[in-house]
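>>> Task: produce atomic coordinates for the following.
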Amino acid sequence: MPDVATPYNVDSALEAGLEGRAVSREDAHSLMNEAPLETLLQAAAAVRDRFKGRSVSYSRKVFIPLTHLCRDYCGYCTFRADPQAGVQPYMTTDEVLAVAEAGRRAGCKEALFSLGDQPERLFPEEKTGLLPHSNPGLMGLEDLRRLRETNVSAGLMLESASPRLGRSGGAHWKAPDKVPSLRLRTIDDAGQSSMAFTTGILIGIGETPEERVDALLAIRAAHKKHGHIQEVIVQPFRAKPGIRMAEAPEPCKEDLQRTIAVARLILGGNMNIQSPPNLLSEDYPDLLKAGINDWGGISPVTKDFINPEAAWPQISSLTARTAFAGFVLRERLAIYPEFSSRSEFVNDRLEPHVRKLRGEDGYARDGAQC
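Predicted structure coming up:
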């Protein structure tokens with residue numbers, strides 16, 4: 001969209017975002033649908049720079065898929081699998097520890113545990129000194145409180161606030177765990193449990209721009225209530241062979257940038273906003289123009305099991321390309337700096353492990369080993 005004179009409502013919305021005032025639903029719709037892209041990106045980047053400076057973080061992680069079993073049949077997922085004869089449905093404890101140990105030797109500090117929604121209630125205890133971050137799907141309040149005893153953070157993607165996507169043929173058809181109200185309840189329960197929490201939206205799965213705004217506003221409301229959301233991810237749908245949505249169009253770079261920029265203006269300068277670099281291939285530095293301040297988890301050991309066709313960039317390349325864009329790459333832990341020193345978010349059992357790895361500024365301490 002060309003940079004021409006903008007309507008009053010767009011100017012008003014940009015002004016609200018730049019001044020740190022809560023962007024209304026109406027204003028957010030104007031930004032998503034009417035704002036010239038370059039003007040929108042400049043506003044979002046200015047907010048990011050004012051609050052976050054020119055540092056961009058990432059977490060050096062190892063990805064551990066405990067199981068691929070899941071009761072949901074989302075139209076875009078290649079991670080889930082049904083039980084198969086002769087195929088072990090769960091990783092053994094020894095297999096988990098072997099992968100985690102390989103990560104520790106490679107300098108990783110985060111163990112990301114992923115699994116399908118509700119195939120089990122138990123998690124193997126991590127024993128290698130890595131800080132666990134689990135994405136366990138829907139969980140109740142008591143389950144989250146137990147998870148908090150061994151995890152410095154956890155996550156659940158809201159994905160969308162639209163129940164419409166659960167109708168026949170939609171992206172969340174035959175996916176009972178993707179009902180937005182249920183996912184928002186888990187996000188709220190995590191706040192009640194004082195868990196540093198990651199969530200986000202998945203764009204390009206059939207939602208409207210207005211529904212993206214609704215999802216971001218729901219996340220903002222949850223964070224305003226509990227102050228526990230450490231990171232919001234804006235992730236683009238990517239088509240893959242063998243999925244129900246294999247022929248669905250992918251969101252383009254400009255669409256992704258616009259959504260990130262609107263997320264920055266809705267959520268404000270203090271929120272950590274991430275978009276995975278491996279899902280934009282060689283153009284990923286352009287996401288910095290939209291206001292992100294984090295690249296997410298990058299593994300030097302394991303692939304991205306959610307998007308196995310999309311390799312993570314090498315950390316050396318990520319460092320160089322981030323610097324070329326005018327930013328400094330900083331390694332963080334699985335729990336963000338602003339949460340890692342707060343006793344309400346780090347329990348007594350985990351605090352010594354966090355303290356060993358974090359520097360005085362909350363980022364990963366140089367030379368720290370698990």
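>>> for the stretch 201-350 of the chain, what spans make up the strands?
Here the stretch 201-350 of the chain has its strands, by DSSP state E, counting those that start in this stretch, at 229-236, 273-274, 294-298, 328-332.
>>> Would you mind getting the angle between the longest one and strand 294-298?
On the basis of axes from the mean of the first three to the mean of the last three Cα atoms, to 10 degrees, strand 229-236 is oriented at 80 degrees to strand 294-298.
>>> Let me know the angle separating strand 229-236 from strand 328-332.
120 degrees.
>>> Relative to the whole chain's centre, how far out is strand 229-236?
Its chain's C-alpha centre and that of strand 229-236 lie 4 Å apart, by Cα atoms, centre = their mean, to the nearest Å.
>>> Kindly report the same for stretch 152-161.
Remark: stretch 152-161 is offset 7 Å from the chain centroid, using Cα atoms, centre = their mean.
>>> With mean neighbour count as extra columns, can I get the strands of the stretch 201-350 of the chain in a markdown table?
From N, CA and C alone the C-beta is placed, and that goes for glycine too. As requested, these are exported to a markdown table (neighbours: other Cβ atoms under 10 Å):
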| stretch | mean neighbour count |
| --- | --- |
| strand 229-236 | 24 |
| strand 273-274 | 24 |
| strand 294-298 | 23 |
| strand 328-332 | 18 |
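>>> Please render those as JSON lines that adds mean pLDDT and distance to residue 171 to the earlier fields.
Shown next, in JSON lines, are the strands of the stretch 201-350 of the chain (pLDDT from 0 to 100; distance: least, Cβ to Cβ, whole Å):
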{"stretch": "strand 229-236", "mean pLDDT": "98", "distance to residue 171": "13"}
{"stretch": "strand 273-274", "mean pLDDT": "98", "distance to residue 171": "21"}
{"stretch": "strand 294-298", "mean pLDDT": "96", "distance to residue 171": "22"}
{"stretch": "strand 328-332", "mean pLDDT": "98", "distance to residue 171": "31"}
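>>> In a markdown table, list those strands along with distance to residue 155.
Listed next are the strands of the stretch 201-350 of the chain as a markdown table, based on distance: least, Cβ to Cβ, whole Å:
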| stretch | distance to residue 155 |
| --- | --- |
| strand 229-236 | 8 |
| strand 273-274 | 11 |
| strand 294-298 | 10 |
| strand 328-332 | 15 |
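>>> For residue 35, which of the ones you listed is the nearest?
Nearest of the strands of the stretch 201-350 of the chain to residue 35, taken as Cβ to Cβ: strand 229-236 at 16.4 Å.
>>> In this structure residue 193 contacts residue 145, no?
Yes. Under the criterion of Cβ atoms under 8 Å, residue 193 makes contact with residue 145 at 5.0 Å.
>>> Of the two, give the one with the bigger neighbour count.
residue 193 (21 against 16; other Cβ atoms under 10 Å).
>>> before we move on, the earlier item: can you tell me which of the strands of the stretch 201-350 of the chain is nearest to residue 17?
Comparing the strands of the stretch 201-350 of the chain under Cβ to Cβ, the one sitting nearest is strand 273-274, at 13.1 Å.
>>> so who does residue 170 touch?
Contact analysis of residue 170 by Cβ atoms under 8 Å, 6 or more residues apart in numbering lists 75, 164, 206.
>>> Tally up the residues packed near residue 75, please.
20.
>>> Verify the stated contact: it with residue 171.
Yes. Contact criterion Cβ under 8 Å: residue 75 and residue 171 qualify, at 4.5 Å.
>>> Overlap in contacts, the two.
Counting by Cβ under 8 Å, 6+ apart, the contacts common to residue 75 and residue 171 are 205, 245.
>>> so how far is residue 156 from residue 222?
Distance from residue 222 to residue 156, counting by Cβ to Cβ, to the nearest Å: 11 Å.
>>> Could you give me the buried positions within stretch 45-65?
By 16 or more other Cβ atoms under 10 Å, the buried positions in stretch 45-65 come out as 45, 47-48, 52, 56-65.
>>> List just the nearest of the residues you listed to residue 265.
For the buried residues of stretch 45-65, the nearest to residue 265 is residue 47 (6.5 Å; Cβ to Cβ).
>>> now that closest one, nearest residue through space, not along the chain?
residue 269 (4.6 Å; Cβ to Cβ, 6 or more residues apart in numbering).
>>> Distance check, residue 45 against residue 55.
For residue 45, the distance to residue 55 - Cβ to Cβ - is 14 Å.
>>> Kindly report the same for residue 113.
Using Cβ to Cβ, one obtains 27 Å as the distance from residue 113 to residue 55.
>>> Helices along the stretch 151-300 of the chain, start to end?
Along the stretch 151-300 of the chain, the stretches classed as helices by DSSP state H, counting those that start in this stretch are 180-192, 209-226, 253-267.
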